[in-house]
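Peer 1: Dropping the sequence and predicted coords here.
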Amino acid sequence: MTEIIKNWESFALKSGIFSELPETLRAHAAQFSGLRGVACFGKAEKDELCYCDRSPKSWRDDDESVILCTPEVEKELALKTPRARHLVVDDPRAGFIDLTRQLLASNTIEVTALIPRPFGISVTARIGTQSEIHPEARIDDDVVIGSNCTIHRGVWLQRGVKIGDGAVIGATGINAYVSRDGRLLDFPHLAGAIIGAGVSIGANAVVMRGVLTSTVIGAENIIGNLCNIGHGVRLGERCWMSVGCLIGGHTSIGDGATLGMGSVIRDNLLIGENTQIGMGSVVVKNIAARASVFGNPARSVTAIKAGPSR
């Protein structure tokens, strides 16, 4: 699973690229010849499309991607990424959203390259009644899926995963962007949800798939009933999440962490390995490794003994 997290993620175009560009990008139609796929800025490879609508905090000097950018940002990118193709538009994010929505609707974009092919369901997997599995999902050996579950596009359930009744894996998360022309846009979730070997996910839990970076759940985690894991979350191995925990998008949690019943962790945080979070706590700041926290907002306390080893 560590190797998966380190990999850069891209989404290739299928044969017979899109037939028509959205209106927001038509002025650059000639520049889309030879486009191979899409990815995040800074992670896109040669002839892959990304966008940058603010001064970049990091970049690659050898970047040969195709970058949608504003006139202001293009001046900076011309110095930092001289080998890339810079396509100047009024609203790069809206243009990227318009295009990727169209690619998804026309089924001309691949599932994340992090998920090995072929897709499909192992003959040793057991699937409950009324469960639905998207044809572009991968279900490995000895997986058990309960009744009335939904497994969306771009989900990879590795060997021995157990999914409780009514769980939804790979749903889209909440996101919204108001474009410069006043449209309210949902950013398409191109990435996947990768569930590591031996993970147990409880009844009616929800795991979102990622937008441009996949949600990755490490091996041997225990995730209780009614938990909700946001898009792009990275959960280490051998973690314990009790009933009703909520993790906001793009938060990373280290190996061996314990989340007490009803814990809430906001988005974009770093939670260290072997942390202990008391039940009902609301975490709004990063937590160092091996710390114990409790309360709303969560504060450091003496060691908490929680989870299966208490």
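Peer 2: Good, I have the coordinates. Numbers count the residues shown, from 1 in each chain.

Peer 1: Val38 contacts Phe11, correct?
Peer 2: Yes: if you go by C-beta atoms under 8 Å, Val38 and Phe11 touch, sitting 5.2 Å apart. C-betas here are computed from N, CA, C, even on glycine.

Peer 1: shared neighbours, these two?
Peer 2: Counting by C-beta atoms under 8 Å, 6 or more residues apart in numbering, the shared contacts of Val38 and Phe11 are 109, 190.

Peer 1: Contact partners for Arg126?
Peer 2: 143-145.

Peer 1: In CSV: the residues you listed, plus pLDDT.
Peer 2: Shown next, in CSV, are those (pLDDT from 0 to 100):
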residue, pLDDT
Val143, 98
Val144, 98
Ile145, 98
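
Peer 1: mind listing which of those are in strands?
Peer 2: Judged by DSSP state E, the subset of the contacts of Arg126 located in strands is 144-145.

Peer 1: For Asp8, give me the pLDDT.
Peer 2: Check again: residue 8 is Trp, not Asp. Listed pLDDT for Trp8 reads 66.

Peer 1: Could you number the chain from 40 rather than 1 from now on?
Peer 2: Noted, 40 is the first residue going forward, which turns the last one into Trp47.

Peer 1: Give the rounded mean pLDDT of stretch 334-343.
Peer 2: In the prediction, stretch 334-343 has an average pLDDT of 89.

Peer 1: then it to PDB, C-alphas only?
Peer 2: What follows is stretch 334-343, C-alpha atoms only, in PDB (Å, rounded to 0.1, in the frame of the first residue of the first chain):
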ATOM      1  CA  GLY A 334     -12.600  16.900  23.600                       C
ATOM      2  CA  ASN A 335     -14.100  19.500  21.400                       C
ATOM      3  CA  PRO A 336     -11.800  20.900  20.100                       C
ATOM      4  CA  ALA A 337      -9.500  17.900  20.800                       C
ATOM      5  CA  ARG A 338      -6.600  18.600  23.200                       C
ATOM      6  CA  SER A 339      -3.700  16.500  24.500                       C
ATOM      7  CA  VAL A 340      -4.500  14.300  27.500                       C
ATOM      8  CA  THR A 341      -2.800  11.500  29.300                       C
ATOM      9  CA  ALA A 342      -2.600   8.300  27.500                       C
ATOM     10  CA  ILE A 343      -6.000   6.800  26.300                       C
END
